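# model the following, please.
(one chain, ligands or ions: 2)
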Amino acid sequence: MDVELRGITKRFGPIVANAEIDLDIRAGEVLGLLGENGAGKSTLMNVLCGLYTPDEGNIIIDGKPVTFDGPGAAIAAGIGMVHQHFMLVPVFTVAENAILGIEPTKQVDYLDLAAARQQVNEIGDRYGLQVDPDARIEDLPVGTQQRVEIIKVLVRSADVLILDEPTAVLTPQEVEEFFGIVRSLRDAGKAIVFITHKLDEILEISDRITVLRGGRVTGYGDPKTLTEQRLAEMMVGRPVRFDVDKAPYNPGDLLLEVRDLTVLRANDEIAADHVSLEVRSGEIVGIAGVQGNGQSALIEAITGLHRPVDGTIIFDGQDITNVSVRARHAMGMAHIPEDRQRTGIIGDFTVAENMALNSYYDERYAKGMSIVWPAVATHAADYVADFDVRTPSVHAKASQLSGGNQQKLVVARELSRDTKLLIAAQPTRGLDVGSVEYIHGRVVAARDEGDGVLIMSSELDEILALSDRILVMFKGRIVAEFDASKQPVDRNAVGLAMAGSAPRAAA
Ligand SMILES: Nc1ncnc2c1ncn2[C@@H]1O[C@H](COP(=O)(O)OP(=O)(O)OP(=O)(O)O)[C@@H](O)[C@H]1O
Ligand SMILES: [Mg+2]
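Numbers count the residues shown, from 1 in each chain. Ligands and ions are numbered 1, 2, ... in the order given. Modelled structure (predicted):
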């Protein structure tokens, strides 16, 4: 099935998210869709999947113009979308999620779960997408949840699959497996639209590339001849640096001391197992690891979101093991949480309100017991400008921002305060290359000014680019440490440790 988008324009009030966009999507091809944060990629795909009605333009399927009055119509036409933010019901099983809204019934109104299970298994076998149909979503790693999202689309027999940043939360190994699945779908004749900010991925997986900027198509590319540098320039309109400039390593006082910390998961399994680490002023410590090896729990314990069952956390000379999140914050701890929509922002609050979310009581925003709203707006406007958060105004709701701009909002809030220690989990998730360059610059500047930084990322390249020391977590423990302060660390050695196959390295 081939799809043509012709002259698509989509406005939100005064904002033109898509302006006269033409796009060709062909059976048996992967179309890479690239563009900076807020360029209009998700909006365009939401038009194609029937969620938004375009203000102008046509959707043409196999030569015939169609109109969709909702997602149901697009699904019926064979168009399926995996959204940028997961839409699975955590307490339902894989099979239950797969058939949500199109439940097969037996006799009158009896849910036929056996049929659903069988469908999940058949699709799994056909495309190499195996998942246990009876597993509950909340118990599955994100990589597997991503598969379920795709199964959900395939159960609805989609011929066109739109994948909006499907790899943003995947580890390199998961990405490789995922690409295998994408190729098998393509070879089976499906048309695939693939959105990502990772330029190496788009070059590897796409057959053709289309670039958007400011709501318009600004370029086309052939992945066989394009380079990452050139792609970056097409996206953001200027050359982008991929490496990071740092002052020489000159660590100061001990800022954070974690001793024998043990943290449990909700099901009482051990997530972090007697972990000890230190962060000094003026250094960036990176935690590398395959997702699910305890990094998230460790970070949540340090930042106060999760109570450890054993061990101590000392910050700036004080035992903070049991103090509140707010007390940690007041002592100068900043936290970029890994899931912006769950713990980073409140979608129904404005950009300004979100900027002041965890410090509305500090002197920037409050006078006595009351919040000075004009001050909140003024500060927010400054931070929005500094971090290039693309929003019509600081009074727009955060949920109306593009995914990457929501991320920039969280990072801006946490980096625009006078802090001593930054705990950053997946700080650049979903950011375009230009924004990654800027945020990395700010993190290094914080370190050069004497902050301590603890950064956790599933992007090994990000860990390698930023860290002075690298710790590798595997099965809840720190299994290796690398000194990156003088010379670059061997990527392979870190990768091996992440897979649990290296002895504790001396240096
Ligand atoms: N529901 C909405 N209401 C108002 N404005 C919106 C809405 N959805 C998107 N926008 C605006 O439309 C523009 C394009 O957003 P879109 O989400 O399509 O960007 P994107 O290219 O997917 O970016 P990202 O890489 O950050 O995901 C942005 O300026 C955004 O703020
Ligand atoms: Mg998007």
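# let me see the contact set for the residue in the stretch 51-200 of the chain that ligand 2 sits nearest to.
Going by CB to the ion, ligand 2 is nearest to residue 84 of the stretch 51-200 of the chain, at 4.8 Å. Yep, even glycine has a C-beta here, placed from its N, CA and C like the rest. By CB atoms under 8 Å, 6 or more residues apart in numbering, the residues touching residue 84 are 42, 164-165, 168, 195, 403, 430.
# where does confidence bottom out across the residues you listed?
pLDDT across the contacts of residue 84 is lowest for residue 168, at 80.
# and that residue, what is it in contact with?
So residue 168 contacts 84, 196-197, 429-430 (CB under 8 Å, 6+ apart).
# same thing with residue 392?
Counting by CB under 8 Å, 6+ apart, residue 392 makes contact with 13-15.
# if we go to 7 Å?
Neighbouring residues of residue 392 by CB atoms under 7 Å, 6 or more residues apart in numbering: 14-15.
# state the distance from it to ligand 2.
For residue 392, the distance to ligand 2 equals 17 Å [CB to the ion, to the nearest Å].
# which stretch of helix or strand covers that residue?
Remark: residue 392 resides in no helix or strand, with elements defined by DSSP states H and E.
# what are the phi and psi values at it?
Per-residue torsions, residue 392: phi -60, psi -30 (degrees, to the nearest 10).
# which pLDDT does the model give it?
pLDDT, residue 392: 92.
# thought residue 128 was touching residue 184?
Yes - assessed by CB atoms under 7 Å, residue 128 is found in contact with residue 184 at 5.7 Å.
# follow-up on the earlier one: what sits closest to the residue of the stretch 51-200 of the chain closest to ligand 2 if chain neighbours are left out?
Spatially, and ignoring its direct neighbours in sequence, residue 84 is nearest to residue 164 (4.3 Å; CB to CB, 6 or more residues apart in numbering).
# do residue 236 as well
Spatial nearest neighbour of residue 236, excluding adjacent residues (CB to CB, 6+ apart): residue 434 at 3.8 Å.
# ignoring the adjacent residues along the chain, who's closest to residue 127?
Once flanking residues are discounted, residue 127 sits nearest to residue 184: 5.1 Å by CB to CB, 6+ apart.
# just checking, next helix/strand downstream of the helix or strand encompassing the one you found?
Using DSSP H and E, residue 184 sits within helix 172-187. Following helix 172-187 in sequence order, the next helix or strand is strand 191-195 (DSSP H and E).
# show me what the helix or strand following that following strand is packed up against.
Next in sequence after strand 191-195, counting helices and strands by DSSP H and E, comes helix 199-205. Other helices and strands packing on helix 199-205, by 3 or more CB pairs under 7 Å, 6 or more residues apart in numbering; DSSP states H and E, are strand 30-35, helix 172-187, helix 228-236.
# contacts for helix 199-205?
When contacts are defined by CB under 7 Å, 6+ apart, helix 199-205 is touched by residues 30, 32, 34, 167, 175, 179, 182, 194, 196, 209, 223, 226, 228, 231-232, 433.
# that helix and ligand 1, any residue contact?
No - using CB under 6 Å from any ligand atom, helix 199-205 stays clear of ligand 1, coming no nearer than 12.8 Å.
# run the chain-centre distance for that helix.
17 Å (CA atoms, centre = their mean, to the nearest Å).
# for that helix, give the mean pLDDT please.
pLDDT averaged over helix 199-205 gives 94.
# in it, what's buried?
Neighbour-count burial for helix 199-205 flags 199, 201-203, 205 (criterion: 16 or more other CB atoms under 10 Å).
# so which of those residues comes closest to ligand 2?
Of all the buried residues of helix 199-205, residue 202 has the smallest distance to ligand 2: 14.4 Å, by CB to the ion.
# closest point of the stretch 351-500 of the chain to ligand 2, which residue?
Residue of the stretch 351-500 of the chain nearest ligand 2, by CB to the ion: residue 403 (4.5 Å).
# for that residue, grab the count of nearby residues.
By other CB atoms under 10 Å, 23 other residues sit near residue 403.
# residue contacts, it?
When contacts are counted by CB under 7 Å, 6+ apart, residue 403 is found next to 42, 84-85, 430.
# restricted to buried residues, select the residues you listed in PyMOL.
A single PyMOL command is used to select the members of these judged buried by 16+ other CB under 10 Å:
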select buried, resi 42+84+430
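# output the contacts of residue 403 in TSV; the columns should cover distance to residue 98 and secondary structure.
Listed next are the contacts of residue 403 as TSV, based on distance: CB to CB, whole Å; DSSP: H, G, I helix; E, B strand; the rest coil:
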residue	distance to residue 98	secondary structure
42	23	helix
84	20	coil
85	18	coil
430	25	coil
